[in-house]
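Asker: sequence first, predicted model second:
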Amino acid sequence: MLVGGVPIGGGAPVSIQSMTSTYTYDIDATVKQIRQLAEAGCDLVRVAVPDKRDTEALPSILEQSPVPIIADVHFHYERALEAVEAGVHKIRLNPGNIKDRKQVDRVIAACRERRIPIRVGVNEGSVVERKDKAARAEQQGHLAADYRAEMVQLMVRTLEDYLRIFEDNDFHDVVLAAKSIDATMVIDAYRAVSARFDFPLHLGVTHAGPPETGRIRSIAALGSLLAMGIGDTIRISYAADPVFEAEDAKELLCSLGLRNRTEPELIACPTCGRIEIDLIRLVADVRRKLADIKSPVKVAVMGCVVNGPGEAEGADVAVFAGKGKGIIYVQGEQKRTVSESEMLDALYEEAVAFAARVERGEAQLTNTRVQIQPPDPLPRKDGSVPLVIVNR
Ligand code: SF4
């Protein structure tokens with residue numbers, strides 16, 4: 001399946017999706033945020049179109065967007081038709097919140113004509129019947145008996161009901177989602193959906209919260225599923241600037257080896273009682289400074305020569321700090337010793353120089369563990385010399 005030229009499913013790389021938090025009718029603000037998301041690694045961006053003025057903004061947004069755009073439709077099938085007409089690359093629509101079947105059929109027909117995929121999803125919070133009291137009571141009875149298993153089955157059954165509508169229309173460009181706010185429920189639901197259906201899956205934890213807590217919840221669920229080979233597109237959703245969503249999704253895919261890094265990777269010691277410089281600040285400064293290097297050079301910032309060399313094997317450029325100074329290594333070779341105040345600039349210079357050598361084909365990025373001979377121990381504040389024990 002192609003979404004505006006981006007391949008989805010069928011062994012294609014996992015795509016990153018996010019959603020704008022602007023009013024879509026505010027074209028400039030929306031385009032600005034789409035560009036920020038694309039810059040942060042988003043492959044696809046979704047925009048909400050609750051009103052006609054939102055769909056009216058779509059042609060201009062589409063013209064300026066660097067990535068394919070998905071229209072997020074709820075309740076109003078007219079918005080879906082208008083979005084399709086405007087040229088969006090995918091529609092997100094849940095038949096469950098458009099009650100007239102004929103209206104859903106019209107949207108499907110419009111999408112088929114333009115070869116636009118539709119994402120169909122269920123949420124734990126929305127699959128339980130709310131209007132039919134008898135049906136609701138029956139569902140509640142089942143859920144009370146074994147909530148988790150019954151909820152997963154209810155989500156699968158609801159998707160089956162939705163998919164019947166698409167099958168009746170002979171429409172197969174469908175992406176499925178089955179979300180929850182509970183990470184373990186997300187894992188169970190997607191495992192069941194993946195076993196039952198053969199459509200690409202869009203992974204997400206719904207309403208995950210602010211990044212500080214939503215990050216753990218999202219990575220626990222999505223990381224587990226991706227590690228099992230489940231998932232074709234992902235969205236990490238936060239109550240915050242969506243750029244954080246794209247950045248974290250990219251880091252998740254890179255950490256799982258599902259996407260190649262294009263920027264420096266930072267390895268840093270967590271610090272301990274052996275530390276003799278302000279390493280936390282140094283790491284933050286290094287991270288900021290490395291941001292303009294467009295090469296996946298691995299940089300290690302280590303607080304001492306005790307465990308540092310062993311842990312930094314695999315880094316292209318590394319610094320081992322001691323009292324007031326640090327020793328810089330490039331691919332296992334000791335390069336220079338610098339003072340604490342020079343450490344940041346020296347590390348950056350070596351990283352830039354190494355990235356340039358890689359660019360010219362004179363060096364290769366480390367993809368195996370390089371051997372680092374531990375430097376001579378740097379004296380402690382009190383002048384004593386620490387024992388060097390290198391963990392192997
Ligand atoms: S590298 Fe040194 S300072 Fe950092 S955590 Fe390990 S032992 Fe402690």
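Answerer: All right, it came through fine. Residues are numbered from 1 along each chain as shown.

Asker: so Gly41 sits in a helix?
Answerer: No - counting by DSSP: H, G, I helix; E, B strand; the rest coil, one finds Gly41 to be coil, located in no helix.

Asker: pLDDT at it, what is it?
Answerer: Here the pLDDT value assigned to Gly41 is 94.

Asker: quick one, what contacts it?
Answerer: Going by CB atoms under 8 Å, 6 or more residues apart in numbering, Gly41 touches 16, 246-247, 249-250. For the C-beta atoms, the positions are set from N, CA and C on the backbone; glycine is no exception.

Asker: so which of those residues are also by the ligand?
Answerer: With CB under 6 Å from any ligand atom as the criterion, the contacts of Gly41 include none near the ligand.

Asker: could I get the contacting residues of the closest residue to Arg274 other than its chain neighbours?
Answerer: Distances taken as CB to CB, 6 or more residues apart in numbering put Cys304 closest to Arg274, at 4.6 Å, once the chain neighbours are dropped. By CB under 8 Å, 6+ apart, the contact list for Cys304 reads 269, 274-276, 320-322, 386.

Asker: and if you look at Asp26?
Answerer: Ala57.

Asker: how near is it to the ligand?
Answerer: Distance, Asp26 to the ligand, by CB to the nearest ligand atom, to the nearest Å: 47 Å.

Asker: Ala48 now?
Answerer: The spacing between Ala48 and the ligand, counted by CB to the nearest ligand atom, is 45 Å.

Asker: so what's that residue bridging to?
Answerer: Asp72 (DSSP bridges).

Asker: that one - how many residues pack around it?
Answerer: Residues lying near Ala48 (other CB atoms under 10 Å) number 19.

Asker: gap between the residue most central in space within the chain and the ligand?
Answerer: By CA atoms, centre = their mean, the chain has its centre lying nearest to Ala249, at 1.1 Å. Taking CB to the nearest ligand atom as the measure, Ala249 falls 29 Å from the ligand.

Asker: how about that residue: what's its closest non-neighbour residue?
Answerer: Spatial nearest neighbour of Ala249, chain neighbours left out: Ile16 (4.4 Å); criterion: CB to CB, 6+ apart.

Asker: other SSEs contacting the helix or strand harbouring the one you found?
Answerer: For Ile16, the host element (DSSP states H and E) is strand 15-19. Here strand 15-19 touches strand 44-48, strand 233-235, helix 242-255, going by 3 or more CB pairs under 8 Å, 6 or more residues apart in numbering; DSSP states H and E.

Asker: drop anything exposed from the contacts of Cys304.
Answerer: Neighbour counting over these (16 or more other CB atoms under 10 Å) leaves 269, 275-276, 320-322, 386 as the buried ones.

Asker: those residues also near the ligand: which ones?
Answerer: The subset of the buried ones among the contacts of Cys304 within reach of the ligand, by CB under 6 Å from any ligand atom, is 269, 275.

Asker: and the buried ones among the contacts of Cys304, which of them are in helices?
Answerer: Per DSSP state H, helices hold no members of the buried ones among the contacts of Cys304.

Asker: in strands, which of the buried ones among the contacts of Cys304 fall?
Answerer: Secondary structure defined by DSSP state E assigns 320-321 of the buried ones among the contacts of Cys304 to strands.

Asker: for the ligand, what's the nearest residue on the stretch 151-300 of the chain?
Answerer: Per CB to the nearest ligand atom, Cys269 is where the stretch 151-300 of the chain lies closest to the ligand, at 3.0 Å.

Asker: quick one, what contacts Arg136?
Answerer: By CB under 8 Å, 6+ apart, the neighbours of Arg136 are 128-130.

Asker: ok, those vs Gln334, which is closest?
Answerer: Comparing the contacts of Arg136 against Gln334 with CB to CB places Val128 closest, at 64.0 Å.

Asker: just the element for that closest one, please.
Answerer: Going by DSSP H and E, Val128 is not part of any helix or strand.

Asker: wait, isn't it in contact with Arg157?
Answerer: No - if you go by CB atoms under 8 Å, Val128 and Arg157 don't touch, sitting 11.9 Å apart.
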